[in-house]
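Colleague: Sharing a model that was predicted from the sequence below.
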Amino acid sequence: MIEALDLKRAEAFVPQYVSLRNSYADLLLSEPVAVDETVAWMRSTTAELVALAEDGILQGVAILYPDRDGEVAVFTREKGKGLGKQLLTAIGAVARKLGLPHVWAWVLEENTIAQRLFETSGYILKAHESRRFQGQLKRGSRYFMALGS
Ligand SMILES: CC(C)(COP(=O)(O)OP(=O)(O)OC[C@H]1O[C@@H](n2cnc3c(N)ncnc32)[C@H](O)[C@@H]1OP(=O)(O)O)[C@@H](O)C(=O)NCCC(=O)NCCS
């Protein structure tokens with residue numbers, strides 16, 4: 001059975017988290033991270049991390065960065081099983097609980113699966129926007145969702 005958990009309270013999953021996250025480094029525009037630094041980061045960050053796991057296998061993670069105006073990132077082990085949607089619902093609930101007025105996410109232009117995920121999860125396309133990563137300008141879009149009270 002799939003269970004939802006607070007990743008910051010489940011450090012045993014950190015190696016799986018690091019490996020899954022690093023496998024999507026290009027799509028997330030993030031540098032690969034190491035296990036030790038991630039454990040230290042999780043102990044001190046204001047970011048919230050919701051994970052889904054089944055039989056000890058990490059199935060996906062959504063991250064909310066309150067200090068980045070409510071930016072959200074999400075990734076799953078397998079696609080098309082509804083996990084992305086489930087994670088966005090869960091992280092949206094966390095954001096509401098924190099009293100954030102909105103959440104947003106940046107998606108690479110060619111990442112059509114993520115675009116579809118955000119569009120079918122209540123986000124709207126706010127703007128086309130480029131981001132600089134490893135010296136290159138990456139074209140993408142900013143998705144936005146207001147959170148009612
Ligand atoms: C983007 C990502 C999180 C989607 O997760 P997911 O678990 O596949 O998403 P879901 O199963 O909940 O599907 C959500 C929507 O995506 C679409 N989708 C999922 N898999 C798809 C596929 N293989 N091809 C086309 N569309 C797909 C579906 O249309 C679905 O919408 P619908 O069923 O209402 O039509 C996942 O593909 C991923 O981890 N990608 C790499 C990391 C990333 O790009 N993150 C986004 C940047 S923050």
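Modeller: Looks like it arrived, so ask away.
Colleague: The strand or helix carrying Arg43 - what's its average pLDDT?
Modeller: Assigned by DSSP states H and E, Arg43 belongs to helix 35-44. Helix 35-44 comes out with an average pLDDT of 97.
Colleague: Contacts made by the longest helix along the chain with the rest, please.
Modeller: As assigned by DSSP state H, the longest helix anywhere in the chain is helix 83-97. Contacts with helix 83-97, where a contact means Cβ atoms under 8 Å, 6 or more residues apart in numbering, come from 2, 4, 48, 50, 52, 59-64, 66, 70, 72, 74, 76-77, 103, 114, 117-118, 120-122, 145, 147. (Each C-beta comes from the backbone N, C-alpha and C, glycine too.)
Colleague: Same list, those residues, but only the ones touching the ligand.
Modeller: By Cβ under 6 Å from any ligand atom, the members of the contacts of helix 83-97 lying near the ligand are 74, 76, 114, 117, 120.
Colleague: In this structure, where is pLDDT below threshold?
Modeller: 149 (pLDDT under 70).
Colleague: if we can go back for a sec, now the helix holding Arg43: buried residues?
Modeller: 38, 42 (16 or more other Cβ atoms under 10 Å).
Colleague: The residue lying closest to Leu28 once chain neighbours are set aside - how many residues pack around it?
Modeller: Counting by Cβ to Cβ, 6 or more residues apart in numbering, Ala73 is the residue found nearest to Leu28 once chain neighbours are left out, at 5.8 Å. Applying other Cβ atoms under 10 Å, we find 23 residues neighbouring Ala73.
Colleague: State the distance from Ala73 to the ligand.
Modeller: Using Cβ to the nearest ligand atom, to the nearest Å, Ala73 is found at 4 Å from the ligand.
Colleague: Wait, Ala47 touches Ala62, no?
Modeller: No: counting by Cβ atoms under 8 Å, Ala47 does not reach Ala62; the two are 10.5 Å apart.
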